[in-house]
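>>> give me a model of this one.
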Amino acid sequence: MKSILTSLVVAILIISCGTPQKNKDLVVINQPAEFDTQEALWLIWPSTNHKESESVEKVTLSIIEALIGTTDIVVTCKNKELLKQAQETLNKRFGEQPRLTILEISSFEIWARDMGPIFVQTNQNTFAIADFNFNSWGYSDTLNTDTKTEEMYDVRVAKHLNLPVISSAMISEGGNREVNGKGTLITTESVEMGRNPTMTKKEMEAEYKRLLGTKKVIWLKQGLVEDDHTFLGPITTPDGTKAYTVATTNGHVDEFMRFVNDSTILLAEVDPAELADPIAFENNKRMEENYQILSKATDQNGKPFTIIRMPLPGTIYNSMSPGDYVYEFMKTLDYADGNKFPDGQRVKVMAAFSYLNFIITNKVIIGQTIWREGMPAALKLKDEKAAEVLKAAFPDKKVIMIDALAVNLGGGGIHCISMQQPALLKNKIKF
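Presented below is the predicted three-dimensional model:
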């Protein structure tokens, strides 16, 4: 951790509504993009599986294996017991790795993208942590004890790194904000307005500017059907059965749209041959509406974007049974459609899988695959097509595709469980 700490030596300063007088002039000027040069990638070591037979730890190890030796990796563990377990597992798998650091930082879940540290540049030539409020993706109250523990994760990281914190009462998760590193932010209305029903877009944009240095916000409408809130009720599938989403976010942008660079966007696209499927039909409607918005939009300087389409794999079905972590959560929900959860019975679920939920690092892109032995060959072809799109979009980086279903069954993907720490831009930041 020495390299990270050495490059981020600043005084501890917690900034909130009661900002100390001496710090009143601290202003955020920019949030670096994920494709900008990074110093480290943060991950949270899993303490449970979303489905008993699917190992989240295995996915975490696959991410580390893809990156080991190419970037600093920081893995946090919720307690000393888990930290010891992680140390033993990582040492056995990779041996001594000077660029791999393990820390104890309290948390329950693994979604570092949403509750993790958002590193932003300030006018005082420092980094700060932008700390939005959190309500467990709309499933809880901000005052819930477990939710508060998750909400404080980024503050604990900031304390560890001796970084200032700029806080907001506005609820917003990192997975629903894509930035181009130049001042443009893209997000979805379904999430941000749902999380903050008493705020106007203008008020939210003011908070993006204050916490992230945002100059322009582009509002997309909705995300994928597979990402709709679970408590909205099960969705009718093409064969007439019902399927539940898996504790999902209601439309995070990183499931369907990503920045490749400051002027190029990857956007999900439905195969026209699949439109007879009502779920694919609805996803097509949503994605084409978002495409129309993006095709007419411009960046912070008034320039249009280049848009590249990425195929969607179609809905990926699985099942949950009593005892599975996500199943036990789903049975506690009050369903808006009046549905009564069939407690004690196995249920059909839709994995939160998308090829857009990839990780960008300095030298490597990590994407997700879905095909496994016994699945239709068409899915394997889609995996291969997605890999080719990523290789074309990032020609100077190595593309590594991994099986991440264990994470997808928890309501997100590998991008959702990671958070990049930007490198110091020495021509702009001096310590």
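
>>> so residue 331 sits right up against residue 341, yeah?
Yes - checked against Cβ atoms under 8 Å, the pair residue 331 and residue 341 is within contact range at 4.8 Å. In short, each C-beta sits where N, CA and C put it, glycine included.

>>> those two: who's more crowded?
Each of residue 331 and residue 341 has its neighbours counted (other Cβ atoms under 10 Å); residue 341 has more, 18 against 15.

>>> so that one: helix, strand or coil?
Of the three states, residue 341 takes coil under DSSP: H, G, I helix; E, B strand; the rest coil.

>>> contact partners for it?
Residues in contact with residue 341 (Cβ atoms under 8 Å, 6 or more residues apart in numbering) are 330, 331, 333, 335, 347.

>>> what's the answer for residue 228, then?
By Cβ under 8 Å, 6+ apart, the contact list for residue 228 reads 235, 245, 248, 250, 251.

>>> tell me how far it lies from residue 164.
Between residue 228 and residue 164 the distance is 37 Å, computed by Cβ to Cβ, to the nearest Å.

>>> chain neighbours aside, what residue packs nearest to residue 245?
Distances taken as Cβ to Cβ, 6 or more residues apart in numbering place residue 230 nearest to residue 245, at 4.8 Å, with adjacent residues excluded.

>>> what is the neighbour count of the one you found?
The number of residues packed near residue 230 is 25, by other Cβ under 10 Å.

>>> am I right that it is in contact with residue 330?
Yes - between residue 230 and residue 330 there is a contact at 6.0 Å, judged by Cβ under 8 Å.

>>> now for these two: what residues contact both?
By the contact definition Cβ under 8 Å, 6+ apart, residue 230 and residue 330 are jointly contacted by 244, 246, 247.

>>> burial count for the first one?
Applying the criterion other Cβ under 10 Å, we find 25 residues in the vicinity of residue 244.

>>> ramachandran angles for the residue nearest to residue 238 when sequence neighbours are not counted?
Distances taken as Cβ to Cβ, 6+ apart place residue 277 nearest to residue 238, at 5.1 Å, with adjacent residues excluded. Main-chain torsions, residue 277, degrees, to the nearest 10: phi -80, psi 120.

>>> distance of residue 277 from residue 84?
Residue 277 sits 47 Å away from residue 84, going by Cβ to Cβ.

>>> between these two, which is the more surrounded one?
residue 277 (17 against 13).

>>> hmm, back to that, from the contacts of residue 228, which land in helices?
Among these, no member falls in helices (criterion: DSSP state H).

>>> dump those residues to CSV, plus neighbour count and pLDDT.
Compiled in CSV, those are given as follows (neighbours: other Cβ atoms under 10 Å; pLDDT from 0 to 100):
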residue, neighbour count, pLDDT
235, 19, 97
245, 26, 98
248, 27, 98
250, 22, 98
251, 26, 98
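
>>> export these to CSV and append columns for distance to residue 160.
Listed next are the contacts of residue 228 as CSV, based on distance: Cβ to Cβ, whole Å:
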residue, distance to residue 160
235, 41
245, 34
248, 30
250, 31
251, 32
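
>>> distance of the residue nearest to residue 245 relative to residue 352?
Separation of residue 230 from residue 352 (Cβ to Cβ) stands at 10 Å.

>>> need the overlap of contacts for the two.
Contacts common to residue 230 and residue 352, judged by Cβ under 8 Å, 6+ apart, are 245, 246, 248.

>>> closest to residue 303 out of these?
Lowest distance from residue 303 to the shared contacts of residue 230 and residue 352 (Cβ to Cβ) belongs to residue 248, with 33.5 Å.

>>> so what's that closest one up against?
Contacts of residue 248 (Cβ under 8 Å, 6+ apart): 137, 226, 227, 228, 229, 230, 352, 411, 412.

>>> run the last query once more with 7 Å
Residues near residue 248 by Cβ atoms under 7 Å, 6 or more residues apart in numbering: 227, 228, 229, 230, 352, 411.

>>> just residue 330 next, same as before
If you count contacts by Cβ under 7 Å, 6+ apart, then residue 330 has 230, 244, 341 around it.

>>> export those residues to CSV and append columns for pLDDT.
Shown next, in CSV, are these (pLDDT from 0 to 100):
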residue, pLDDT
230, 98
244, 98
341, 97
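
>>> was I right about residue 112 contacting residue 420?
No - in this structure residue 112 lies outside contact range of residue 420 using Cβ atoms under 7 Å: 9.7 Å.

>>> now do the shared contacts for those two.
Joint contacts of residue 112 and residue 420 (Cβ under 7 Å, 6+ apart) do not exist.

>>> I'd assumed residue 285 was in a helix, is it?
Yes - counting by three-state DSSP, residue 285 is part of a helix.

>>> report how many residues lie close to it.
Residue 285, neighbours per other Cβ under 10 Å, totals 15.

>>> residue 141 too?
The number of residues packed around residue 141, counting by other Cβ under 10 Å, is 9.

>>> thinking again about what came up before, residue contacts, the residue nearest to residue 245?
Going by Cβ under 7 Å, 6+ apart, residue 230 touches 244, 245, 246, 247, 248, 330, 333.

>>> between those residues, which sits nearest residue 211?
Nearest to residue 211 among these: residue 248, at 24.7 Å, using Cβ to Cβ.

>>> could you check how far that closest one is from residue 278?
As judged by Cβ to Cβ, residue 248 and residue 278 stand 18 Å apart.

>>> for residue 170, same thing?
Going from residue 170 to residue 278 by Cβ to Cβ gives 35 Å.

>>> pick out whichever of those two has more residues nearby.
Remark: of residue 170 and residue 278, residue 170 carries more neighbours, 18 against 13, as counted by other Cβ under 10 Å.
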